[in-house]
Structure formats: C-alpha cells, structure tokens
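> With the input below, show me the fold.
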Amino acid sequence: MEHLPGRGALARNLLDGQGLMSGLSYYVATEHAVAEKRELLKTFTRRLRAALVRGLAKVDAYAAVWSSETGVPCEVSRKTLNARGFAIDAQMIADQHHTVDLYAREGVVAARYDASAGFDASFNV
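A predicted model of the protein is given here:
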C-alpha cells in the first residue's frame, strides 16, 4: 500500500505493465527518408533532445502543467517525464525483442522477427 499524495488515502497497485512492455515511444521514418534526409532527421533529433532537456530542467513546473491538462496526479506526471529519453542500445533492443516475442505468442503479429532491424543507433544524441 502506498499513500496517494494530496488524496489522503492509501492505494494498492493491482496491475501494471512491468515486465510486459518498455513503455518507450519512438519516432519512425521510412528507409527512403533516412537515406535522403538523414541530416534533416539528425537536426530534428538534436532539437527534440534539447527541448526535452529544457523541459526537464524545470520538471516540477512541467509536471504541474501536464497534470492540470491531463488530470494525472502530479507525481505520476513527474515520474513519467523523468523516464523520457533513451538511447538505442543493446538493452533497449533486448526489450523490444521481448515485446516481439509477446506479440507473436499472443497472435498480435504472425511470427517473430528481428526487432533490431527497425532501429538506427546513428540517431542517438
């Protein structure tokens, strides 16, 4: 049981996605776009990362605004914001293989496939 900030109540987590999915979000581009517009995509990635860093410099204010817009408790907003940003690395690829395996087992996709083929670490900033 944990205390819900500002609610004066205790809560128990009944279910979460721990161990099922990474919770990461991705930006995608076609192979053609990567080949033809690589520098533009790298600029986009750098600017996006800079915006994330600026937002996290005042994470409490950012979380408060996000909380008021979504109705999500401020502490949840703060934790979600602090979890943003990642690099494409071996652990992230392993996590995606886990998701592919889960989807294949549950029939969401027809068969397992190599998740690493969909990631390009050259865009890490």
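> Could you find the closest non-adjacent residue to V109?
Among residues not flanking V109 along the chain, Y103 sits closest, at 4.6 Å (C-beta to C-beta, 6 or more residues apart in numbering). C-beta here means a position set from N, CA and C on the backbone, and glycine is covered the same way.
> again but with T45, I slipped
F123 (5.1 Å).
> roughly how far out does the longest helix seen in the chain sit from the chain middle?
The longest helix of the chain (DSSP state H) is helix 38-57. Centroid separation between helix 38-57 and its chain, computed with C-alpha atoms, centre = their mean, to the nearest Å, is 15 Å.
> and what of stretch 67-74?
For stretch 67-74, the distance to the chain centre is 18 Å (C-alpha atoms, centre = their mean).
> residues in contact with the longest helix of the chain?
Here helix 38-57 makes contact (C-beta atoms under 8 Å, 6 or more residues apart in numbering) with Y27, A29, A33, V34, Y62, L81, N82, R84, G85, F123, V125.
> Now render those residues as JSON lines, adding neighbour count, pLDDT and distance to T43.
Shown next, in JSON lines, are these (neighbours: other C-beta atoms under 10 Å; pLDDT from 0 to 100; distance: C-beta to C-beta, whole Å):
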{"residue": "Y27", "neighbour count": "9", "pLDDT": "82", "distance to T43": "13"}
{"residue": "A29", "neighbour count": "16", "pLDDT": "89", "distance to T43": "13"}
{"residue": "A33", "neighbour count": "12", "pLDDT": "93", "distance to T43": "13"}
{"residue": "V34", "neighbour count": "14", "pLDDT": "92", "distance to T43": "13"}
{"residue": "Y62", "neighbour count": "16", "pLDDT": "90", "distance to T43": "24"}
{"residue": "L81", "neighbour count": "17", "pLDDT": "84", "distance to T43": "24"}
{"residue": "N82", "neighbour count": "11", "pLDDT": "82", "distance to T43": "26"}
{"residue": "R84", "neighbour count": "11", "pLDDT": "74", "distance to T43": "20"}
{"residue": "G85", "neighbour count": "13", "pLDDT": "69", "distance to T43": "17"}
{"residue": "F123", "neighbour count": "17", "pLDDT": "86", "distance to T43": "11"}
{"residue": "V125", "neighbour count": "13", "pLDDT": "76", "distance to T43": "11"}
